[in-house]
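K.L.:
here is a sequence with its predicted model. Questions after.
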Number of protein chains: 2
Amino acid sequence: MGQRLQRFEALVAAFEALPTIGKKGAQRLAFHLLINDPMAALRLAHAIEEALAEVGRCRMCGGLSEDELCPICSDPNRDPSLLCLVQEPQEILLIEESGEYDGYYFLLERPVPEVVQPLRQRIKELGVQEIIFALTPSIANEGIMLHLEEQLRDLGVRMSQIAHGVPTGVALERLDRLTIAKAIRRRQEREEG
Amino acid sequence: MGQRLQRFEALVAAFEALPTIGKKGAQRLAFHLLINDPMAALRLAHAIEEALAEVGRCRMCGGLSEDELCPICSDPNRDPSLLCLVQEPQEILLIEESGEYDGYYFLLERPVPEVVQPLRQRIKELGVQEIIFALTPSIANEGIMLHLEEQLRDLGVRMSQIAHGVPTGVALERLDRLTIAKAIRRRQEREEG
C-alpha cells in the first residue's frame, strides 16, 4: 500500500513486535482496531500507559505490585509458615490460579549469591517452616536449589520442590526422555478413587 | 492476585478484548510488556494513538488512508482500465500483497443501492474497461454481483470475478460441498509446466 500509510504500518509493526503475534495477525489486529473497534483501541492504549505508570514490583516478594507491597504480601490471612520460591513474576499468578497454595512468595530474579541474605531475612521474619522450590526442572535450576539448600540448612526449615512428572493431557511422545525417566522413577501408588 | 492489581488486570482485559487473543495469551502479553519490554509497550500505545488520530478513509476508494486520497488512488501509474470491487479495506492490502493487480479499487461497504451512483461515476472518470468482483463466494454476494451487473450493463464494461475454487494447501476434507462442486465444474486444463 505504498510508503504513505506510515501510521498504519507503524501500528502493524508494534503488534508484530509482540511475542506470538505474526505479521498476518498484526495486520488483522490493526484493521480490527481501526475499522471495527476504535474504542477498544483507545482502551488498550490507555491500559498500557496506566499499567506502565502504575505497575511496579513488590518490595517484599518482587512480584508485580501497584503499591509498595503486593496484594499477597500485604494479606495477613495467608499462611506464614510456607514460602514458595519462583523465578518469574508470572509464575506467582499461575500458582495462585491453581488454588492450591496460600503461603507467601519469594522471587529468585537476581543471581543466587545476592538472594541469600534477603531470603534468610524473609524466612526469619515470617517464621517460615517450609520452603517450596517452584522451579522448572533443569540442570541449572538443580544447581540453584542445591546451593540454596546449602545456604539455608542452618535455619532448619523443611525444603520441598513441586512434583516433576508428566503434565495432564500431554502425550508421552511429546515429552523429553528426562521427564519420562523422572516420572517413572518417582511413580506413585494409585490412590483409591 | 486479589483485587488490587487493577491496572494490570485492566491491561489483560484490554488485550483479551482483541480477536484471537485469549485469557492466557493476554496475560502473557501483559507480563511481557511490563517486565521484559516496557519500550515495546510504549511504542504500541503511541502507535495506537497515532493511528487512531491519523488513519482515516480514502475519499475515492474507501480504503484506509492518512490523506484525502490513499496511496493507490493518488498513484497515477496504476492501470485506470481496471477497477477491483472489494468489501473490506483489508482485502485491498491482501490483493496488493499478491502482486497480481495494478488497477484501482472501489470498496462496497454501503448497501448496494447507495453504491451504484458513485461507482458509475468512478468508472467513467477512470475510463474503466473491466470491473473485477473480488467478493467472497456466497449467496448474498452473488445477489450483489447480479444487481450491480444489471445497473452497470449500459456502461459496456467487461465484468469478471476472482476465480473460485480450492485454496492452495487446504485439504479437500476441510472444504464445504459447494466449493468442491464449483472447483469440479470449473476445472481447468492443466497448463504445460
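P.N.:
Done, it's in. Numbering: from 1, shown residues only, chains lettered A, B, ... in the order given.
K.L.:
just the element for the residue most central in space within chain A, please.
P.N.:
The residue lying closest to the centre of chain A (Cα atoms, centre = their mean) is residue A:91, at 2.0 Å. Per DSSP states H and E: residue A:91 is located in helix A:89-98.
K.L.:
got the buried residues for that helix?
P.N.:
The neighbour-count criterion (16 or more other Cβ atoms under 10 Å in any protein chain shown) identifies A:89-93, A:95-96 as the buried residues of helix A:89-98. C-beta coordinates here come from the backbone N, C-alpha and C atoms, glycine included.
K.L.:
buried residues in the longest helix along chain A?
P.N.:
Longest helix in chain A, counting residues (DSSP state H): helix A:38-54. By 16+ other Cβ under 10 Å, the buried positions in helix A:38-54 come out as A:40-41, A:43-52, A:54.
K.L.:
just checking: which of the residues you listed also lie near chain B?
P.N.:
Among those, the residues lying close to chain B (Cβ under 8 Å from any Cβ of the partner chain) are A:40-41, A:43-52, A:54.
K.L.:
now distance to residue B:169 and pLDDT too, for these, in CSV please.
P.N.:
What follows is these, written out as CSV (distance: Cβ to Cβ, whole Å; pLDDT from 0 to 100):
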residue, distance to residue B:169, pLDDT
A:40, 32, 97
A:41, 32, 97
A:43, 36, 97
A:44, 33, 98
A:45, 36, 98
A:46, 40, 98
A:47, 37, 98
A:48, 36, 98
A:49, 41, 97
A:50, 42, 97
A:51, 39, 97
A:52, 41, 97
A:54, 46, 96
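K.L.:
could I get the CA-only coordinates of the helix holding residue A:91 as CSV?
P.N.:
Output in CSV follows, covering the C-alpha atoms of helix A:89-98 (Å, rounded to 0.1, in the frame of the first residue of the first chain):
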residue,chain,number,x,y,z
PRO,A,89,6.6,-12.8,38.3
GLN,A,90,4.0,-14.6,36.1
GLU,A,91,4.6,-17.9,37.9
ILE,A,92,3.0,-16.3,41.0
LEU,A,93,-0.2,-15.7,39.0
LEU,A,94,-0.1,-19.3,37.7
ILE,A,95,0.3,-20.8,41.2
GLU,A,96,-2.4,-18.5,42.6
GLU,A,97,-4.8,-19.6,39.8
SER,A,98,-4.2,-23.3,40.8
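K.L.:
tell me what that helix is packed against?
P.N.:
Secondary-structure packing of helix A:89-98 (3 or more Cβ pairs under 8 Å, 6 or more residues apart in numbering or on different chains; DSSP states H and E): strand A:79-86, strand A:103-107, helix B:23-31.
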